[in-house]
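S.K.: Just a sequence and a predicted model for now, questions to come.
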Amino acid sequence: MSRIFSGVQPTGNLHLGNYLGAIRNWVRLQDQFECIFCMVDLHAITVWQDPKELTRNTREVAAGMIAAGVDAEKHIVFNQSMVPAHAQLAWIFNCVARIGWLNRMTQFKEKAGKHKENASVGLYAYPNLMSADILTYKATHVPVGEDQKQHLELARDTAQKFNSDYGVEFFPIPEPLILGAAARVMSLRDGTRKMSKSDESDYSRINMTDDADTIALKVRKAKTDLHPMPAALGELDERPEASNLLGIYAALSDTDKEAVIQRFAGQQFSAFKQELIDLAVATLGPINAEMKRLMADPGHIDAVLKQGAERADAIARPILAEIYDIVGFLKP
Ligand code: TYM
């Protein structure tokens with residue numbers, strides 16, 4: 001059986017990278033897989049979150065997913081802290097995964113920065129919780145943006161080590177699904193840095209809540225270089241900003257970079273940017289409107305998440321009971 005699990009941190013500013021790298025693919029995979037989508041609030045608090053903001057952001061991210069087309073009736077949409085199995089299995093994985101594995105995680109290095117002694121223990125152990133998210137449902141496929149690839153490799157290693165330590169064939173080895181021309185959307189201000197919720201400059205990203213005028217302004221201001229539009233794929237290696245905008249255009253128009261190059265080769269960026277604005281507004285405008293409509297009724301969002309958590313719990317609980325049995329914990 002094939003089952004998808006994926007998650008997003010409710011830390012505000014859902015952006016075009018989250019949409020093109022993850023959420024849009026989730027929507028497209030819904031017909032082929034049984035899906036579980038999660039607002040990972042336990043992950044969010046690995047760095048400080050204002051409690052009121054966290055609550056608001058959890059609802060907003062849920063609204064964003066649903067507005068983008070995730071079907072919360074057919075599939076499961078919920079927030080992580082409501083299902084205890086995530087934290088319980090994460091502890092077991094803290095005892096399976098090796099410190100050496102976690103030391104290699106580039107995201108921890110980036111997020112902790114120079115003062116890693118001051119980072120939370122949770123930030124360091126973050127990937128083990130992510131492995132638990134996936135494996136507490138025995139998910140087989142995990143659609144994510146490219147930045148999560150290393151965490152997925154760790155989840156695969158952890159599943160394998162658990163299976164071999166305990167001499168079982170219990171966990172499936174989950175496959176990452178990294179899809180589309182924009183699996184790694186970069187900042188609009190610096191083509192060498194990832195588009196990120198936490199970038200100080202709002203001009204670095206297009207938020208899913210941005211209106212048409214804001215999107216237009218951000219795309220017009222997006223950094224480019226002094227040359228006209230590239231004429232060959234090979235040029236993109238040296239031109240990160242052009243490569244990024246081309247990738248976004250390709251993803252939004254469901255084509256590849258090569259096709260976009262053929263269309264715009266040698267032209268000025270201004271004409272290309274106007275078309276990019278039109279595409280982004282046409283895609284995000286209806287999502288934005290639906291998000292606003294959903295956010296006006298937080299009670300409804302809470303009810304969706306609660307019902308999702310009950311369904312998630314019903315899947316996770318018996319799997320965790322089997323895991324407890326394998327590990328040798330007494331039955332409660
Ligand atoms: P998060 O919240 O940072 O991002 C959510 C999803 O969006 C993708 N993404 C991007 N894709 C392309 N370009 C970008 N600039 C970009 N920025 C973000 C991410 O790859 C992700 O798919 N650790 C995860 C959340 C998580 C998870 C899980 C994911 C927790 N448990 C289990 C999958 C399975 C994270 O912080 O994603």
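M.R.: Yep, it's here. Numbering: from 1, shown residues only.
S.K.: ok, now which ones touch the residue in the stretch 51-200 of the chain that the ligand sits nearest to?
M.R.: Using C-beta to the nearest ligand atom, residue 145 is the residue of the stretch 51-200 of the chain that sits closest to the ligand, at 2.3 Å. Heads up, the C-betas are built off the backbone N, CA and C, glycines and all. Contacts for residue 145 (C-beta atoms under 8 Å, 6 or more residues apart in numbering) come out as 17, 18, 21, 22, 178, 183, 184, 185.
S.K.: repeat for residue 22
M.R.: Residue 22 neighbours (C-beta under 8 Å, 6+ apart): 6, 8, 143, 144, 145.
S.K.: how about stretch 204-220 as CSV, C-alpha atoms only?
M.R.: What follows is stretch 204-220, C-alpha atoms only, in CSV (Å, rounded to 0.1, in the frame of the first residue of the first chain):
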residue,chain,number,x,y,z
SER,A,204,12.8,38.1,-0.8
ARG,A,205,9.7,36.0,-1.1
ILE,A,206,6.2,36.0,-2.5
ASN,A,207,3.8,35.1,0.3
MET,A,208,0.6,33.1,-0.4
THR,A,209,-1.2,36.0,1.3
ASP,A,210,0.2,38.7,-1.0
ASP,A,211,-2.3,40.6,-3.1
ALA,A,212,-1.8,41.3,-6.8
ASP,A,213,-0.1,44.7,-6.3
THR,A,214,2.4,43.3,-3.8
ILE,A,215,3.2,40.3,-6.1
ALA,A,216,3.8,42.7,-9.0
LEU,A,217,6.0,45.0,-6.9
LYS,A,218,8.1,42.1,-5.6
VAL,A,219,8.6,40.6,-9.1
ARG,A,220,9.6,43.9,-10.6
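S.K.: So which of the contacts of residue 145 sit within helices?
M.R.: Secondary structure defined by DSSP state H assigns 17, 18 of these to helices.
S.K.: filter the contacts of residue 145 by proximity to the ligand?
M.R.: Applying C-beta under 6 Å from any ligand atom to the contacts of residue 145, one finds that 17, 18, 21, 22, 183, 184, 185 fall near the ligand.
S.K.: is it possible to export those residues to a markdown table including pLDDT and distance to residue 314?
M.R.: Listed next are these as a markdown table, based on pLDDT from 0 to 100; distance: C-beta to C-beta, whole Å:
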| residue | pLDDT | distance to residue 314 |
| --- | --- | --- |
| 17 | 97 | 33 |
| 18 | 97 | 28 |
| 21 | 96 | 30 |
| 22 | 97 | 25 |
| 183 | 94 | 32 |
| 184 | 96 | 35 |
| 185 | 98 | 35 |
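S.K.: From those residues, pick the one nearest residue 84.
M.R.: residue 22 (25.1 Å; C-beta to C-beta).
S.K.: Just say helix, strand or coil for residue 197.
M.R.: Residue 197 falls in the coil class when you classify it by DSSP: H, G, I helix; E, B strand; the rest coil.
S.K.: now it: how far from residue 187?
M.R.: 12 Å (C-beta to C-beta, to the nearest Å).
S.K.: can you pull the contacts of the residue in the stretch 201-332 of the chain that the ligand sits nearest to?
M.R.: Residue nearest to the ligand within the stretch 201-332 of the chain: residue 205 (8.1 Å; C-beta to the nearest ligand atom). Going by C-beta under 8 Å, 6+ apart, residue 205 touches 13, 15, 16, 17, 187, 188, 195, 196, 197, 199, 218.
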